[in-house]
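Q: Got a sequence here, can you build the structure:
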Amino acid sequence: MKSVLIKDTTKSERIAIIKEWIPVDDGLEDCEIDMWEMYREYINGEKEIAQINEELSKRMFGEFY
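A: As a prediction, this is how the structure comes out:
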């Protein structure tokens, strides 16, 4: 598996990585989750996927995480 770290990818590759995670019928039409917005900082090279996922988990689960 190829690295998804910012240092190992271009912006175009990061967009393609996120695009792979969103199925054609993503089932998120009625949901407030916007995968593009959630991973915008990764796409722009500002935060790693792991950082974003950790922050999201802390927001969702608070003290339980």
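
Q: contacting residues around whatever helix or strand residue 57 lives in?
A: For residue 57, the host element (DSSP states H and E) is helix 49-61. Around helix 49-61, the neighbours that count as contacts under C-beta atoms under 8 Å, 6 or more residues apart in numbering are 4, 38-39, 41-42, 65. Where C-beta positions appear, they are placed from N, C-alpha and C, glycine not excepted.

Q: Can I get the residues you listed in TSV including neighbour count and secondary structure?
A: Written out in TSV, the entries for the contacts of helix 49-61 read as follows (neighbours: other C-beta atoms under 10 Å; DSSP: H, G, I helix; E, B strand; the rest coil):
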residue	neighbour count	secondary structure
4	15	coil
38	14	helix
39	21	coil
41	16	helix
42	24	helix
65	10	coil
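
Q: Lowest pLDDT pick from the residues you listed?
A: The lowest pLDDT within the contacts of helix 49-61 belongs to residue 65, with 51.

Q: and the helix holding residue 57, how far from the chain's centre?
A: When C-alpha coordinates are averaged (C-alpha atoms, centre = their mean, to the nearest Å), helix 49-61 and its chain have centres 10 Å apart.

Q: can you dump the C-alpha coordinates of that helix into CSV?
A: Once non-C-alpha atoms are left out, helix 49-61 reads as follows in CSV (Å, rounded to 0.1, in the frame of the first residue of the first chain):
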residue,chain,number,x,y,z
ILE,A,49,-5.4,11.9,8.0
ALA,A,50,-4.6,10.5,11.4
GLN,A,51,-4.7,14.0,13.0
ILE,A,52,-8.1,14.7,11.4
ASN,A,53,-9.5,11.3,12.4
GLU,A,54,-8.3,11.8,16.0
GLU,A,55,-9.8,15.3,16.3
LEU,A,56,-13.1,14.0,14.9
SER,A,57,-13.2,11.1,17.3
LYS,A,58,-12.5,13.4,20.2
ARG,A,59,-15.4,15.7,19.1
MET,A,60,-17.7,12.8,18.7
PHE,A,61,-16.8,10.7,21.7
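
Q: Thanks a lot, catch you later.
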